[in-house]
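> got a structure for you, letters missing:
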């Protein structure tokens, strides 16, 4: 296992500490090289994530916000996701319930 510095580049997005990451059928296809989008190797799989905001390049999110996001590279301890595909999770909804939305 290695660190991926590109995954932690928060110039234009939201840095999330991953609590749950969903595994979908497209993730399995992509890992086998059978999905229509083939990222360059090596890559970090995963397309959705729930967790807590560590940093944000936008004022829409603050440190500690609970969020769900769709992006790439989400099966990591931390991931940077675009603001446009990130949503806040209400406090009464468990993070585990949002991992595969």
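Arrived safely, thanks for sending. Remember, it's a predicted structure, so these values are computed and weren't measured experimentally.

> my read: residue 61 touches residue 13, true?
No: if you go by C-beta atoms under 8 Å, residue 61 and residue 13 don't touch, sitting 9.7 Å apart. Using the backbone N, CA and C atoms, a C-beta is placed for each residue, glycine as well.

> what residues are shared contacts of the two?
When contacts are counted by C-beta atoms under 8 Å, 6 or more residues apart in numbering, residue 61 and residue 13 have 83, 86 as shared neighbours.

> helices along this protein, start to end?
The residue ranges that make up the helices of the chain, judged by DSSP state H, are 25-31.

> and the strands in it?
13-22, 48-56, 66-70, 78-82, 86-88 (DSSP state E).

> which residues are in contact with the longest one?
Outside strand 13-22, the residues within contact range by C-beta under 8 Å, 6+ apart are 8, 46-58, 61, 67, 69, 74-83, 86, 95-96, 98-101.

> just the buried residues out of those, in ChimeraX syntax.
Buried members of the contacts of strand 13-22 can be picked out in ChimeraX with the line below, counting by 16 or more other C-beta atoms under 10 Å:
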select :8,46,47,48,49,50,51,53,54,55,56,61,67,69,74,75,76,78,79,80,81,86,95,98,99
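
> sketch out the low-pLDDT regions of the chain for me.
For the chain, residues meeting the criterion pLDDT under 70 lie at 1-11, 101.

> for the strands of the chain, give me TSV that also has distance to residue 28.
Shown next, in TSV, are those (distance: least, C-beta to C-beta, whole Å):
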stretch	distance to residue 28
strand 13-22	12
strand 48-56	14
strand 66-70	17
strand 78-82	19
strand 86-88	24
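
> for these, which one sits closest to residue 36?
Proximity of the strands of the chain to residue 36 was assessed by C-beta to C-beta; the nearest stretch is strand 66-70, lying at 16.6 Å.
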